[in-house]
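A.B. asks: I'll drop the sequence and a predicted model, then ask my questions.
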Amino acid sequence: MTNIMVCGCLGRLGTSIDRVAATMEDVKIIAGTDAFDGVRSYPIYKNITECKQKPDVIINVLRPTDTEEILQLLAYCTENRVPLIVCTTSLPPEVETAIAETSKKVAILKSANMSLGINLLTSLLNRAAKMLYDANFDIEIIEKHHSKKLDAPSGTAYMLADSINKALGGDMEYVTDRSQTHKERSRKEIGVHALRGGEIVGEHSVVFAGQAEVIELTHIAQNRDVFAIGAIKAACFLKNKPPELYDMQDFIRS
């Protein structure tokens, strides 16, 4: 049994995690934190320092603007030696630095997207990018999300771009806006484009455009349960792991 605490438990992803965990026999959510009022089957605290339970793993789904709360969470994990799953994207530099430092003391798994499918796509892109780029294909990424998403382009879009960039040697340029330039596309560009509207859970497409053919790899999240399933499975993976900064590729390889 893996006992889990969810920080940000009343949000969209926190709600999905609660629903999915209730269907699993080998996990249990024993506590949560959230700034808002709400009801769950477990106690919810305003601040993690108030928590009376000791989880095996914490899943963080706080907003990127909750900087103080995330830093408190990292301090709690260090003091209590509790592994941490970080699902939050677009974190400020000081939080990224704190995560790296905390991972020297406790296990942390950080991913811009917890979906098993999107992480498999990342692995496929790492293998396909060099072959197609060397064959003179241009590379563009298009992502679509609901109208309430704060960051654009998404953390997942950048994660996919990073995987491609790494495969190509690390010197590609990410271009998110061509409206102010009047020139041909450079071979060194990876275009990253964002669409916001309605209730789109998440769609990511990587387009390889060649001279006479186009290859498009797409992942569509039909509901947030895909992220919840990945986060819970990652939590079970991280339990009892030694201090290190892990990602979903470590989980997939396991």
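C.D. replies: Perfect, thanks for sending it. Bear in mind the structure is a predicted one, so any value in this text is a computation, not a measurement.
A.B. asks: Tell me how many other residues crowd Val175.
C.D. replies: 16 (other C-beta atoms under 10 Å). Quick note: C-beta positions are derived from backbone N, CA and C, even for glycine.
A.B. asks: mind listing what it touches?
C.D. replies: Shown here is Val175, whose contacts under the criterion C-beta atoms under 8 Å, 6 or more residues apart in numbering are Glu189, Ile190, Gly191, Val192.
A.B. asks: ditto for Asn165
C.D. replies: Here Asn165 is in contact with Asp171, Met172, Tyr174, Ile190 (C-beta under 8 Å, 6+ apart).
A.B. asks: How about the secondary structure of it?
C.D. replies: helix (DSSP: H, G, I helix; E, B strand; the rest coil).
A.B. asks: Kindly report the same for Asp37.
C.D. replies: coil.
A.B. asks: helix or strand for the nearest residue to Ser254 once chain neighbours are set aside, which one?
C.D. replies: Nearest non-adjacent residue to Ser254, counting by C-beta to C-beta, 6 or more residues apart in numbering: Phe237, 6.2 Å away. Phe237 is part of helix 225-238, with elements assigned from DSSP states H and E.
A.B. asks: Gly14: which element?
C.D. replies: Per DSSP H and E, Gly14 falls inside helix 12-21.
A.B. asks: which residues sit against that helix?
C.D. replies: Identification of contacts with helix 12-21 by C-beta under 8 Å, 6+ apart yields 4, 6, 8-9, 27-29, 32, 34, 40-41, 59, 61, 87, 223-225, 227-229, 231-232.
A.B. asks: any idea how far Leu116 is from Thr2?
C.D. replies: Taking C-beta to C-beta, to the nearest Å as the measure, Leu116 falls 17 Å from Thr2.
A.B. asks: Enumerate the positions of the helix-or-strand element of the chain with minimal mean pLDDT that are buried.
C.D. replies: With mean pLDDT, DSSP states H and E as the measure, the helix or strand of the chain carrying the lowest mean pLDDT is helix 248-253 (a mean of 90). Residues of helix 248-253 classed as buried: Met248, Asp250, Phe251 (neighbour count, 16 or more other C-beta atoms under 10 Å).
A.B. asks: One more: stretch 22-38?
C.D. replies: Neighbour counts over stretch 22-38 (16+ other C-beta under 10 Å) mark Val27, Lys28, Ile29, Ile30, Ala31, Gly32, Thr33, Asp34 as buried.
A.B. asks: sorry, back to before: so which residues make contact with the least confident helix or strand of the chain?
C.D. replies: Under the contact criterion C-beta under 8 Å, 6+ apart, helix 248-253 has outside partners 109, 111, 113-114, 116, 119-120, 122-123, 230, 233-234, 237.
A.B. asks: Save the residues you listed as JSON lines, and put in distance to Met131 too.
C.D. replies: Below are the contacts of helix 248-253 laid out as JSON lines (distance: C-beta to C-beta, whole Å):
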{"residue": "Leu109", "distance to Met131": "30"}
{"residue": "Ser111", "distance to Met131": "25"}
{"residue": "Asn113", "distance to Met131": "24"}
{"residue": "Met114", "distance to Met131": "28"}
{"residue": "Leu116", "distance to Met131": "24"}
{"residue": "Asn119", "distance to Met131": "20"}
{"residue": "Leu120", "distance to Met131": "18"}
{"residue": "Thr122", "distance to Met131": "16"}
{"residue": "Ser123", "distance to Met131": "14"}
{"residue": "Gly230", "distance to Met131": "28"}
{"residue": "Lys233", "distance to Met131": "31"}
{"residue": "Ala234", "distance to Met131": "30"}
{"residue": "Phe237", "distance to Met131": "31"}
